[in-house]
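Q: please work out how this folds:
(2 chains)
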There are 2 protein chains.
Amino acid sequence: MTERILGPVHPTSAAKSALRPLFLGAVTFAPDSLLGECQARNATRTLPHCVEQLEAAGALDNLRRVTGEVDGDRRNMWFADSDVYKTLEAAAWQLGRDPGDAELRAFLDTTAALVAKAQEDDGYLNSYFTVDKPDLKWRELHWSHELYCAGHLIQAAVAAARAGVGAQLVTVARRFADLIVERFGSVEDVDGHPEIETALVELYRVTGHRPYLELALRFLDLRGRGLLDGERFGSRYLQDHVPVREADEVAGHVVRQLYLLAGVVDVAVETRDDALLEAARRLWADAFGAKTYLTGAQGSRHRDEAFGDPYELPPDRAYGETCAAIASFQWNWRLLLATGEGKYADEMERALYNAIAGSTALDGTHFFYANPLHLRTGHDGTHEDAPSQRLPWYSCACCPPNLARLVASLSGYVATADPGGLQVHLYAAGTIQTTVDGADVRVETRTRYPWDGRVELTVTASAPFMLSLRVPGWAEGALIDGVPAEVRDGYAEVRRDWTGGTTVTLELPMPARIVRPHPRIDAVRGCAAVTRGPLVYCLEQADLPDGVTLEDVRIDPAASFSGASLPDVPVALTTRGRIEVPASGELYGAGSVMPGEPVELTAVPYFLWGNREPGPMRVWLPVATE
Amino acid sequence: MTERILGPVHPTSAAKSALRPLFLGAVTFAPDSLLGECQARNATRTLPHCVEQLEAAGALDNLRRVTGEVDGDRRNMWFADSDVYKTLEAAAWQLGRDPGDAELRAFLDTTAALVAKAQEDDGYLNSYFTVDKPDLKWRELHWSHELYCAGHLIQAAVAAARAGVGAQLVTVARRFADLIVERFGSVEDVDGHPEIETALVELYRVTGHRPYLELALRFLDLRGRGLLDGERFGSRYLQDHVPVREADEVAGHVVRQLYLLAGVVDVAVETRDDALLEAARRLWADAFGAKTYLTGAQGSRHRDEAFGDPYELPPDRAYGETCAAIASFQWNWRLLLATGEGKYADEMERALYNAIAGSTALDGTHFFYANPLHLRTGHDGTHEDAPSQRLPWYSCACCPPNLARLVASLSGYVATADPGGLQVHLYAAGTIQTTVDGADVRVETRTRYPWDGRVELTVTASAPFMLSLRVPGWAEGALIDGVPAEVRDGYAEVRRDWTGGTTVTLELPMPARIVRPHPRIDAVRGCAAVTRGPLVYCLEQADLPDGVTLEDVRIDPAASFSGASLPDVPVALTTRGRIEVPASGELYGAGSVMPGEPVELTAVPYFLWGNREPGPMRVWLPVATE
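A: All right, here's what the predicted structure looks like:
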């Protein structure tokens, strides 16, 4: 019964959690739904591609160097074991949902065996330090990523344990975790790259072994005391400049900050530590109040892959690492479970349909690492991880397998239950089959979401319960069965007699909307963006008439939009804009433009950009002069 | 006779150069002129500070490790010898102008002796490779900076030779240069960091030894063929992606690109290679047409200290390295000499009075490395070389001694001669004493420039000559003796009977001006800046009323300005602006502001910012909504 498998992030019954996740198999997406297509592509294209690339890039050979199966130099990053672990985690979730994939199971079993063989007698496991730097083991945690890699191993093992596959992986991870508890229970040390914290809590959830939880708490409370050598990026980069309980702003390397905050919420709910949860909520307010892109991307600086100052959100130099958007999704999920507040689900949705979805090409085998909101005419990104096209792999290959593990477990993030109720957070055509207070509940969802805001849910249940439907912050005038929805904390509550099957229709109006930036976001002053439902739209050079340069295009916020359909684009938006050509080449002077010629504009969803020939792209469009 | 000393960049008589520099001592600044104060502060504060810091940071000890005078670990960057050489160059120019500074001469002599002692028998000289990496000598030029350091040694020796001090330094540099000619005359190798090219041409100019010039040409023509390992920043970073003769855009690490282009012009004029000069002019058009800040700063990216895409000019993330502005000044000087066109002098002036002048604190001992045009409310730059205050020194200490050598030789960049004429490019109160076609010429300049645009030049000469006075591009309605000036290529020509002393009055109107950015500079769309004469102005939090946040200040382009005087600020500008507070905290939504309250604004010259308490600063101010 795959339906009984737990998904990612499953608080214990003792945890202080407003909502409870469903079983992983409780939700299935219809094959022709966007999320269903996404999961299918992940299974058939992305996951096999990751397996291939782990081989090609040497990540598996690095482990075989430990076991003596291969000779030669190490290849790839020193923390590339984590790419293997994330792929294993993805495979475990995928097999949990679809145990019939023999090839994937073979990969999982073979690789788990390899990992087990590469483990040292005392439980230590790291292909770089074991072979290349044995003397430095545990000694340079500010850069070593040893506990980061251990964290991803543990996450893979947690997935394997929940999915009932790869038992060997669980043994390996526990042995390593026990060594870590022994080693770090008394010394004052933390890892430069958080991940172990959330992983240890999840392992505690699987095993009930409390020392894992206690060590996670210990790592959180030791952080921010300057234990780490910040080297050239400083201690903020490592979130080691201030204890998380005292912090009032997100700072430094985004993925590190967000993985840490996932751990903060995990520990807070399991230890029922309200002050710790409050710290996470405070940092959320900073992150989402002043440091998040319209697409849900985070990270304004390439130099140190970091958050910028408040409102420092350049669209062209957006770093917006794919892993950061995934981490944001995971962190918001944890906050949603803890609090039941819809604003966290709103941010999950924003990241999912824009920054995350956009990072993978339609072919499922090419990926963005950075996710800018503007690719300028004349852009040359060949020299950095910000090319104008998605690449098949990266020298630091953290993102592709991270996408694979998220998408493989995506059905785990759709709905939750609490005593007396079922909450639906993400809408996709498909089925939810679960229990509420012991009674069987089945929800059939029919919708073209996110292309259309009409969601029909046919609910069958043997007992009464409260159905809570998320009404996203962008949805004005939402209707339930034709009546204006009453929304509280982001949800509309529906109580019906469910016996015999009752259909509830949620209508989320999805007009094309013009969005303006907060007045302090300097980098996009005088610009507007187009959104529709949860989707951010963009203009691509490919859709402009010949001879028109994207940089000269202006939007008219008063003009109306109409929908259109393009190949691979179910809903494109057309509107009438203007072309304003610079009146002179003078870099600083009058700054004037020639009177604007009208031009027909076609905007496509941001997540689909860059799937045609490479070329300029803009989310934020300058508003035409009066 | 210090007047007969040649200054920096002195083409041979065989060179194809439109203009000829004067002797270094031909120009003296009045002590109370801005440039005079600047040079005095450099001599009394900056230069002694550099000498102290070379000692404190270990740059001199690194050389003493070679000679066996000190033990212990190397400190500082592997290319820190160049900091010593730049300080020696500064000392040489300073002693050339003021031979009486015994302390400085002692530093020069002692350090030259140390350098000589650190030189290997075959002429090789590099404290890092000699002691720490002898096996890697000349083997990893993409990062080694060996020829870069050699270049700065040669520049110091050229200054010493011209100033008639530190003869030992000249011997050392020639021995090393001869080794370099021998080593690199046949192999196909270039240095990752240009500098040797311009240095070799200058050494050729001093010695007449043609192989130096030939090797400089060889280095230029070998570049752009992918000889260097670009590592993570790629070959563009090193300008190794395209031969300079074929390049049509400046790219990569700004200082590298500009030092290379200084060498390009030097080689072009000495070899009379018009195609090579044309390449430099083409790249100039790109750099100054789309990749230069209003302050003359260049470099839009922190990550790789690089030029951005065209019009990618974020004011907050401006890297604008001090060394880049110095390099731009030097490159423009070479183009000015080669062509006689005023646009190059305009860019020298823009960089000098803004990016360069602003990098040094009023105390002469604190410096900016990066020179942003916007420090946001909430900025934290503690973790990178972009603090909100100038620092006394940097771990990579390239900038402070670079400032010292430029300012010590600044009088060499003021005026030139050609057959039949004298050209004045930079205005400062003081004296020019030179010859034109063999006849003695004396020009007494009285002016408060750059605070006032009235420049009175009293010229005495025994023979007729053409006086060319630069009329900057910003100066509309310039008058000469009350008559509208006829300006050609940036100069107004004045022919008078100079016998007995004739006064010419140039009036450059200096109203406060509102400047708008080119419509493609996205990062400052909807903003305006204030300039007056050559000076860019900025707003600092320190000048705002309590409770007003700089980020909420709006400028009214129609409002008038009036001048005011503040401590250390001869001309501040006051105007009436507005405060527009965001109407909501919503990051993306209506983007509206509360109706604007009027506020009195005081703008100060950009180059004086950050001399009070640290705080927010803006050059570009959003324009008030209608």
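Q: neighbours of A:Ser462, just the number please.
A: Neighbour count of A:Ser462, defined by other CB atoms under 10 Å in any protein chain shown: 15. (C-beta placed from N, C-alpha, C; glycine too.)
Q: got a pLDDT number for it?
A: We have a pLDDT of 90 for A:Ser462.
Q: cool, A:Gly36 as well?
A: Looking at A:Gly36, its pLDDT reads 97.
Q: dump the residue contacts of the closest residue to it other than its chain neighbours.
A: Among residues not flanking A:Gly36 along the chain, A:Phe29 sits closest, at 3.4 Å (CB to CB, 6 or more residues apart in numbering or on different chains). Neighbouring residues of A:Phe29 by CB atoms under 8 Å, 6 or more residues apart in numbering or on different chains: A:Leu35, A:Gly36, A:Gln39, A:Leu410, A:Ser411, A:Ala428, A:Ala429, A:Gly430.
Q: in strands, which of those residues appear?
A: Within the contacts of A:Phe29, residues falling in strands by DSSP state E are A:Gly430.
Q: how about the contacts of A:Phe29, which pair is most distant?
A: Using CB to CB, the pair of the contacts of A:Phe29 lying farthest apart is A:Leu410 and A:Ala429, separated by 13.9 Å.
Q: what helix or strand is the residue nearest in space to the middle of chain A on?
A: For chain A, the residue sitting closest to the mean C-alpha position, by CA atoms, centre = their mean, is A:Ile326 at 1.7 Å. A:Ile326 belongs to helix A:322-339 when assigned by DSSP states H and E.
Q: could you dump the helix or strand that comes right after that helix to CSV, C-alpha only?
A: Once the chain leaves helix A:322-339, the next helix or strand it forms, by DSSP H and E, is helix A:342-350. As requested, the backbone C-alpha atoms of helix A:342-350 are provided in CSV (Å, rounded to 0.1, in the frame of the first residue of the first chain):
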residue,chain,number,x,y,z
GLY,A,342,-2.0,30.6,4.4
LYS,A,343,0.7,33.2,3.7
TYR,A,344,3.3,30.4,3.9
ALA,A,345,1.4,28.3,1.3
ASP,A,346,1.2,31.4,-0.8
GLU,A,347,5.0,31.6,-0.8
MET,A,348,5.3,27.9,-1.6
GLU,A,349,3.1,28.4,-4.6
ARG,A,350,4.9,31.5,-5.8
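Q: so what does helix A:342-350 touch, helix or strand wise?
A: helix A:274-290, helix A:322-339, strand A:466-470 (3 or more CB pairs under 8 Å, 6 or more residues apart in numbering or on different chains; DSSP states H and E).
Q: quick one: buried residues of the helix holding A:Ile326?
A: Burial within helix A:322-339, assessed by neighbour count using 16 or more other CB atoms under 10 Å in any protein chain shown, is assigned to A:322-339.
Q: now the contacts of A:Phe29 as JSON lines including distance to A:Leu260 and neighbour count?
A: Shown next, in JSON lines, are those (distance: CB to CB, whole Å; neighbours: other CB atoms under 10 Å in any protein chain shown):
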{"residue": "A:Leu35", "distance to A:Leu260": "28", "neighbour count": "25"}
{"residue": "A:Gly36", "distance to A:Leu260": "33", "neighbour count": "18"}
{"residue": "A:Gln39", "distance to A:Leu260": "28", "neighbour count": "24"}
{"residue": "A:Leu410", "distance to A:Leu260": "23", "neighbour count": "26"}
{"residue": "A:Ser411", "distance to A:Leu260": "26", "neighbour count": "27"}
{"residue": "A:Ala428", "distance to A:Leu260": "30", "neighbour count": "25"}
{"residue": "A:Ala429", "distance to A:Leu260": "36", "neighbour count": "21"}
{"residue": "A:Gly430", "distance to A:Leu260": "33", "neighbour count": "20"}
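Q: tell me which of the contacts of A:Phe29 fall in helices.
A: When helices are assigned by DSSP state H, the members of the contacts of A:Phe29 inside them are A:Leu35, A:Gly36, A:Gln39.
Q: the first one contacts A:Leu426, doesn't it?
A: The reference is to A:Leu35. Yes: using CB atoms under 8 Å, A:Leu35 makes contact with A:Leu426 at a distance of 7.4 Å.
Q: chain B contacts on the stretch 251-400 of chain A?
A: A:251-252, A:288-290, A:292, A:294, A:301-304, A:308-312, A:314-317, A:374, A:376-380, A:382-384 (CB under 8 Å from any CB of the partner chain).
Q: narrow those to just the buried residues.
A: Applying 16+ other CB under 10 Å to these flags A:251-252, A:288, A:290, A:292, A:294, A:301-304, A:308-312, A:314-317, A:374, A:376-380, A:383-384 as buried.
Q: filter these down to just the ones in strands.
A: Reading strands off these with DSSP E, I get A:His374.
Q: go through the buried ones among the residues of the stretch 251-400 of chain A next to chain B and flag which are in helices.
A: The helices, defined by DSSP H, take in A:Phe288, A:Ala290 from these.
Q: sorry, back to before: quick one: contacts for the residue nearest to the centre of chain A?
A: A:Ile326 makes contact with A:Ala351, A:Ile356, A:Cys399, A:Asn402, A:Leu403, A:Leu406 under the criterion CB under 8 Å, 6+ apart.
Q: and for the residue of the stretch 151-300 of chain A at minimum distance from chain B, the neighbour number?
A: The nearest approach of the stretch 151-300 of chain A to chain B comes at A:Gly234, 3.2 Å away (CB to the nearest CB). Residues lying near A:Gly234 (other CB under 10 Å) number 18.
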